[in-house]
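Asks: have a look at this fold, sequence not included:
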């Protein structure tokens, strides 16, 4: 389970390198929306400016505005009793009117201009300027007599300014709306991931995490979904362990009840002295010792099985050649089996493949297999031990027939359960086959890569 989690996370990290950055997408959206808004502003500005310009050119707006300024100026002069020479007061009025140019003439002589109100050249000027018919002069009554006023003003600027401000506001609002809409999809996705994470927290690991897009959020979703699958697999494994333990407890209850019942019968016989002679007494005592030893062996088997089951993760040893792993173990097993009168038939072909195992487990596995052979195998036929290979696995097969009195021997199947547990922790495969009275025990281990074999051969040559 933990190794699967690591692999899933490595795959996810590899995919992450191919993702488009969320920041890059964010900048791209900003640039696109910004370009759209700039284009929209240009179109609006051109359209509105053209419309205003057409209106001002085809209407008498500017003339009415100029006449209004002249009327205000005449009132200002009359109320303040201003003469043409009162430069300071004239300048004060002009300053209140932005975008306005005022010139005062008398007998075609320039007496005042707002562009240079305090210029000595203007105040001392006595030369007449030519009279242009295309310029419109207004007569204003000053304190020291009438004078001709030439007034230029631009009263349309405020409309252009207001239009420009409105265009900017409209484009900003459109920019915010488009940006909000573009972000809404990511926000909804984040909200969806949040709900799915809450579902995972509540224990619902069957509901998949939604994977969408191609950015950091997608990587996060893939990591969450991989974690969900790993947790679900871990739960399934724990459920399998629990079911196996429950089955083991049920079997052990039955297996322990039989010798305990027999033990109570013998103790009752001794208690009530229902034996014939001293020899029969010693026979009953030996049977009591045998049953006690059997119960002790059962308890030791249960303890060994529970210790193996508690080891959640196993660190395998470095890859080694198939022959190096099993040659010594098989030699010891064959010697032990033949010491008890059995004959072994070996079909061993060592191929240069690498296996990663835990030797502590391998010794236990071989001990359990030898124990089962001595307990149940028939001496009428040789015990077959052969190697087996396929593209991805290599291993051993033990085969024989069941002895006639095997049914009389009480079986706990703890040995086989222990073998299965240890093989699973080494990522290996263990299974038994039985057809009529013939049985086979198969041990298959995953083959390591051929690159490691070449590396090992190079190291041996260097040594």
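Replies: The structure has been received and is ready for your questions. All values derive from a computational prediction rather than experimental measurement.

Asks: surely residue 338 meets residue 344?
Replies: Yes - using Cβ atoms under 8 Å, residue 338 makes contact with residue 344 at a distance of 6.1 Å. For the C-beta atoms, the positions are set from N, CA and C on the backbone; glycine is no exception.

Asks: ok, those two, which is more surrounded?
Replies: residue 344 (17 against 12; other Cβ atoms under 10 Å).

Asks: next one: phi and psi at that one?
Replies: Dihedral angles of residue 344 (phi, psi; degrees, to the nearest 10) stand at phi -110, psi 130.

Asks: next: residue 113.
Replies: Per degrees, to the nearest 10, the backbone of residue 113 is at phi -140, psi 140.

Asks: then the one 3 residues further on?
Replies: Listed backbone geometry of residue 116 is phi -150, psi 70, with angles given as degrees, to the nearest 10.

Asks: I'd like the mean pLDDT over stretch 444-459, please.
Replies: Averaging pLDDT along stretch 444-459 yields 68.

Asks: er, stretch 238-248 I mean
Replies: Mean predicted lDDT for stretch 238-248 stands at 74.

Asks: gap between residue 382 and residue 316?
Replies: 33 Å (Cβ to Cβ, to the nearest Å).

Asks: and for residue 170?
Replies: 68 Å.

Asks: same check on residue 398?
Replies: 23 Å.

Asks: the more surrounded of the two?
Replies: residue 398 (23 against 15).

Asks: hey, what's the more buried one bridged with?
Replies: residue 385, residue 441 (DSSP bridges).

Asks: what segments of the protein are helices?
Replies: Here the chain has its helices, by DSSP state H, at 2-16, 22-58, 61-80, 87-95, 120-123, 157-201, 216-271, 278-310, 322-339, 359-376, 414-425, 450-462.

Asks: name the stretch among those that sits most buried.
Replies: helix 414-425 (a mean of 20; mean count of other Cβ atoms under 10 Å).

Asks: from the contact counts, what lies against that helix?
Replies: For helix 414-425, the packing partners by 3 or more Cβ pairs under 8 Å, 6 or more residues apart in numbering; DSSP states H and E come out as helix 216-271, helix 278-310, helix 359-376, strand 429-435.

Asks: weakest of these by average pLDDT?
Replies: When I compare these, helix 278-310 is least confident, with a mean of 73.

Asks: quick revisit: okay, the helices and strands packed on helix 414-425 in a markdown table with distance to residue 205 next?
Replies: Listed next are those as a markdown table, based on distance: least, Cβ to Cβ, whole Å:
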| stretch | distance to residue 205 |
| --- | --- |
| helix 216-271 | 4 |
| helix 278-310 | 23 |
| helix 359-376 | 30 |
| strand 429-435 | 27 |
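
Asks: so the residue nearest the centre of the chain versus residue 196, what's the distance?
Replies: By Cα atoms, centre = their mean, the chain has its centre lying nearest to residue 220, at 2.4 Å. Taking Cβ to Cβ as the measure, residue 220 falls 11 Å from residue 196.

Asks: now do residue 321
Replies: Counting by Cβ to Cβ - residue 321 and residue 196 are separated by 48 Å.

Asks: point out where the stretch 301-450 of the chain drops to low pLDDT.
Replies: Counting by pLDDT under 70, the stretch 301-450 of the chain has low-confidence residues at 301-313, 405-414, 450.

Asks: confidence score at residue 19?
Replies: Confidence score, pLDDT, at residue 19: 55.

Asks: I should have written residue 25 there, sorry.
Replies: 78.

Asks: so for residue 208, which of the helices of the chain sits nearest?
Replies: helix 216-271 (6.1 Å; Cβ to Cβ).

Asks: what's the angle from the closest one to helix 157-201?
Replies: Helix 216-271 and helix 157-201 are oriented at 10 degrees to each other (axes from the mean of the first three to the mean of the last three Cα atoms, to 10 degrees).

Asks: what's helix 216-271 packed up against?
Replies: By 3+ Cβ pairs under 8 Å, 6+ apart, helix 216-271 packs against helix 2-16, helix 157-201, helix 278-310, helix 414-425.

Asks: how about the ones you listed in TSV, adding distance to residue 62?
Replies: Compiled in TSV, the helices and strands packed on helix 216-271 are given as follows (distance: least, Cβ to Cβ, whole Å):
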stretch	distance to residue 62
helix 2-16	66
helix 157-201	12
helix 278-310	97
helix 414-425	95
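
Asks: so for residue 53, which of those sits nearest?
Replies: Closest among those, once you apply Cβ to Cβ, is helix 157-201, at 8.9 Å.

Asks: name the helices or strands packed onto that closest one?
Replies: Contact analysis of helix 157-201 by 3+ Cβ pairs under 8 Å, 6+ apart lists helix 22-58, helix 216-271 as its packing neighbours.

Asks: same list (the ones you listed) but as TSV, adding distance to residue 115.
Replies: Converted to TSV, those look like this (distance: least, Cβ to Cβ, whole Å):
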stretch	distance to residue 115
helix 22-58	24
helix 216-271	63
